[in-house]
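Student: For reference, the sequence and a predicted model appear below.
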Amino acid sequence: MRAPQFIRTPGGEELVVLSRADYEALVTRAEEAAEDADDVAIYDARKAELAAGGVVLPPQVSAAILRGESRLKAIRNWRRETQRHLQIKTGISQGYLSDLETGRRTGTQETIAKLAQILNVPAEWLS
């Protein structure tokens, strides 16, 4: 990093001249700092939600969600259920369950309540 050059305009404004490499390094550091701040804000918000009695998913379910599974699929697998078994127990078609898991469709409150009851979880876990 070279020393910056300071220039004063006729109007008294002070300007700083940097090399492009130094400028790009500063921009990169600023972006990383902003991303870190966003992560801290998300963490703080989640911690506050949990303190207020928010949804606390089992670690296995959270890990599956982080791997990209939907909440419904992660919970179904955690409960060791197949779509076919849920179809039999709930009367909800396997195709519709698949659509719910992939996000192609959203379930009604009645459907979510039925699935929550069969999976023995709070309905909020599936919302």
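Tutor: Sure, I can see it.
Student: The helix or strand hosting Ala45: how far from the chain's middle?
Tutor: Assigned by DSSP states H and E, Ala45 falls within helix 20-51. Per CA atoms, centre = their mean, to the nearest Å, the displacement of helix 20-51 from the mean C-alpha position of its chain is 16 Å.
Student: same question, stretch 14-31
Tutor: On CA atoms, centre = their mean, the centre of stretch 14-31 falls 32 Å from that of its chain.
Student: neighbouring contacts of that stretch?
Tutor: The contact list for stretch 14-31 (CB atoms under 8 Å, 6 or more residues apart in numbering) reads 1-2, 4-9. Where you see a C-beta, it was placed from the backbone N, CA and C, and this is true even at glycine.
Student: State the number of residues packed around Asp22.
Tutor: 15 (other CB atoms under 10 Å).
Student: Now do it against Arg29, distance only.
Tutor: Going from Asp22 to Arg29 by CB to CB, to the nearest Å gives 11 Å.
Student: So Phe6: helix, strand or coil?
Tutor: strand (DSSP: H, G, I helix; E, B strand; the rest coil).
Student: Specify which residues of the protein, grouped into ranges, have pLDDT under the cut-off.
Tutor: Within the chain, the segments meeting pLDDT under 70 span 1, 54.
Student: separation between Gln5 and Asn77?
Tutor: Distance from Gln5 to Asn77, by CB to CB: 61 Å.
Student: Which one of the two is surrounded by more residues?
Tutor: Using other CB under 10 Å as the criterion, Gln5 and Asn77 rank with Asn77 on top: 14 against 10.
Student: Secondary structure element for the closest residue to that one other than its chain neighbours, which one?
Tutor: Leaving aside its chain neighbours, Asn77 sits nearest to Ala64 (6.5 Å; criterion: CB to CB, 6 or more residues apart in numbering). Element membership for Ala64, per DSSP H and E: helix 59-66.
Student: re the thing from before, can you tell me which of the contacts of stretch 14-31 has the most neighbours?
Tutor: That'd be Pro4 among those, by other CB under 10 Å, with 13 neighbours.
Student: who's in contact with Lys89?
Tutor: Ile118.
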